[in-house]
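**Student:** take this sequence and fold it.
(chains A and B)
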Amino acid sequence: MGFKTVDARGLSCPQPVLLTKAALKKIEGDKLRVLVNAAVAKENICRFARNSGFRVEINNIEDEYEIIISED
Amino acid sequence: MSDRGKIILAGSVIGILAGLLVKFGNPVNMGICVACFIRDTAGAIGLHRAAVVQYIRPEIIGFILGSFSIALSTKEFKSRGGSSPILRFLIGMFVMIGALVFLGCPLRMVLRLAGGDLNAILGILGFAAGVLIGAQFLKKGFSLGRNYSQHQLNGYVLPAAAFVLLVLLLTAPPFIFFSTEGPGAAAAPIFISLAAGLIVGILAQKSRICMVGGIRDLYLIRDPHLIFGFIGIFVFALIVNAIFGNVQWGFVNQPIAHNDGLWNFMGMLLVGLGSVLLGGCPLRQTILAGEGNTDAAITFLGFLVGAALSHNFGLAASPNGVSLNGKAAVLIGIGLTILIAFLNTYPMTADAGKEVVKHGV
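**Tutor:** You can find the predicted model right below:
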């Protein structure tokens, strides 16, 4: 069970969600780790992942967010 | 409150305030227009000399300071920048040029429809077309690159400038212009405009409302979240307008509007396209600027300069129609924006994010 990472820090809307979407297509049972540093990106990615039927876990690391997305 | 609840609340309140601002004296169907109001402010400080549109709009000051205040209090204020700032300035200029050919930003586009101005339909169609074109580049990996943490001072500049504008508005020194007739003279009392602007700034920052995101997200990720905000604004502005008798359905003789359908379409196409590449509509850029995003602040300056050039070079439309210069500027703007989009598109590989770093830095 591996981790794929998407570094979406500092990117404008809607790149963080689009990169997450592209990565989720190839997730194949692994977990996806998405790094963002804006609250709005965190919210958008969480909403997208949940609406797509994935499980979402958020870790605050200083002023960045680590979002772990896994298949439900 | 859920995200969905927040966005509907924000849209509804913004729609109501927009309707009320007209009742209190703002131009009809222009309770809030980010483009027009930045243009009016540009005129007030002398960047252009079109006498009928010169006034420091307190609403703009309110959007920036409202966003600034709420972002500071929720610790979302962060000085960030460095994502292709000069390209954003340029795209911002084109977005303003397009908006001043249609005679409205995407928010005014919705408010015009809520006042019965059916020319806004052409605007909405053009806007959607521009968003769809921009979205193709987004799908293929368009990015203006990352932003980075900046020294705190950078993020405070635009909020400080907004405060200075407020002081200039209230003290009215002789070098600040105030229209005595035309749309620039139609304004709600300063404190009502400022209060409304602050409320909108706070709600827009918290809800992340964005007119461009509405259509963009529906298309790209089938998410109707932001569209609810768009609809909320329309419905409630329509209700308030209807209550005060400010609805007049039709295409001709609409307030501060022309009925050149093709150029209403093309002007808003440029706005939609540019805004998608920027990552947000003009209102959203203004809110982001208040949060310390210096790229958005630079985009705001692009709006300001674009507005000044629009009037100085005869690009801006009027109720009499669109000038040849304006048409040429829109076509050039669309061409250059597409070129920028094309040159900043990188294939999205399986190493999502890495490609952006390699090319975008």
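**Student:** which stretches in chain A count as helices?
**Tutor:** Assigned by DSSP state H, the helices in chain A fall at A:15-25, A:39-51.
**Student:** let's see the shortest one as CSV, backbone CA atoms only.
**Tutor:** Read that as helix A:15-25. Only the C-alpha atoms of helix A:15-25 are listed here, as CSV (Å, rounded to 0.1, in the frame of the first residue of the first chain):
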residue,chain,number,x,y,z
GLN,A,15,-5.2,23.6,-10.3
PRO,A,16,-5.2,21.9,-6.9
VAL,A,17,-8.5,20.1,-7.6
LEU,A,18,-7.5,19.3,-11.2
LEU,A,19,-4.2,17.8,-10.1
THR,A,20,-6.0,15.8,-7.4
LYS,A,21,-8.6,14.6,-9.9
ALA,A,22,-5.9,13.4,-12.3
ALA,A,23,-4.0,11.6,-9.6
LEU,A,24,-7.1,10.0,-8.2
LYS,A,25,-7.8,8.4,-11.6
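**Student:** list the buried residues for it?
**Tutor:** For helix A:15-25, a neighbour-count test (16 or more other Cβ atoms under 10 Å in any protein chain shown) marks A:15, A:16, A:17, A:18, A:19, A:20, A:21, A:22, A:23, A:24 as buried. No exception for glycine: its C-beta is placed from N, CA and C like everyone else's.
**Student:** repeat for the longest one
**Tutor:** Of all the residues in helix A:39-51, those buried under the rule 16+ other Cβ under 10 Å are A:39, A:40, A:41, A:42, A:44, A:45, A:46, A:47, A:48, A:49.
**Student:** quick check: closest non-adjacent residue to the fifth one.
**Tutor:** In other words, residue A:44. Leaving aside its chain neighbours, residue A:44 sits nearest to residue A:17 (5.1 Å; criterion: Cβ to Cβ, 6 or more residues apart in numbering or on different chains).
**Student:** enumerate the residues of the stretch 101-250 of chain B near chain A.
**Tutor:** Counting by Cβ under 8 Å from any Cβ of the partner chain, the residues of the stretch 101-250 of chain B close to chain A are B:138-139, B:143-144, B:146-148, B:208, B:210, B:213, B:216-217, B:220-221, B:223, B:225.
**Student:** count of neighbours near the residue in the stretch 251-361 of chain B positioned nearest to chain A?
**Tutor:** Distances between the stretch 251-361 of chain B and chain A by Cβ to the nearest Cβ are smallest at residue B:279, namely 3.2 Å. Residues lying near residue B:279 (other Cβ atoms under 10 Å in any protein chain shown) number 27.
**Student:** and the closest residue in space to it that isn't next to it in sequence, its phi and psi?
**Tutor:** Spatial nearest neighbour of residue B:279, excluding adjacent residues (Cβ to Cβ, 6+ apart): residue A:12 at 3.2 Å. Torsion angles at residue A:12 (phi, psi; degrees, to the nearest 10) stand at phi -80, psi 160.
**Student:** test my guess that residue A:12 contacts residue B:81.
**Tutor:** No: with contact defined as Cβ atoms under 8 Å, residue A:12 does not reach residue B:81; the gap is 11.7 Å.
**Student:** shared neighbours of these two, which are they?
**Tutor:** Here residue A:12 and residue B:81 have residue B:147 as joint contacts, going by Cβ atoms under 8 Å, 6 or more residues apart in numbering or on different chains.
**Student:** give me the more crowded residue out of those two.
**Tutor:** Between residue A:12 and residue B:81, residue A:12 has the larger neighbour count (other Cβ under 10 Å), namely 24 against 21.
**Student:** what ranges of the stretch 101-250 of chain B fall below the confidence cut-off?
**Tutor:** By pLDDT under 70, the stretch 101-250 of chain B contains no weakly predicted segment.
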